[in-house]
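[1] Compute the structure for the input listed below.
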Amino acid sequence: MMSIVQETDALARIEAALDTLRPYIASHSGSVEIVDFDDQDGTLLLRMGGMCHGCAASAITLKQGIEQRLQQTVPEVKRVEAL
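    Numbers count the residues shown, from 1 in each chain. Take a look at the predicted model:
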């Protein structure tokens, strides 16, 4: 079980990693925001917005872009899902 400090640190690192991806996502008129992070099983729930919401390619962006980057930079993240 993570402490509040560890969870906050993980969220800060997740946010920082997302910040490196946001310019690319924004260049396609999209956005991404954290909804929830379950530190018990490593599941990160994101909301894809803008043109990403409902776009068929957003599933590829989510898994092959966002999830891979986050797993590399924040080892606590095991899975990324979109709301």
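
[2] Summarise which helices and strands whichever helix in the chain runs longest is packed against.
    When the chain is parsed with DSSP state H, its longest helix is helix 4-27. Contacts defined by 3 or more C-beta pairs under 8 Å, 6 or more residues apart in numbering; DSSP states H and E place helix 4-27 against strand 30-38, helix 68-73. To be clear about C-beta, it is placed using only N, CA and C from the backbone, and glycine gets the same treatment.

[3] what about 6 Å?
    helix 68-73 (3 or more C-beta pairs under 6 Å, 6 or more residues apart in numbering; DSSP states H and E).

[4] ok, the one helix or strand residue 45 maps to: who's next to it in the sheet?
    Taking DSSP states H and E as the definition, residue 45 sits inside strand 43-50. Using DSSP bridges, the strands paired with strand 43-50 are strand 30-38 (antiparallel), strand 79-82 (parallel).

[5] Please work out which of the ones you listed is packed deepest.
    For the strands paired with strand 43-50, the largest average neighbour count (mean count of other C-beta atoms under 10 Å) is found in strand 79-82, namely a mean of 17.
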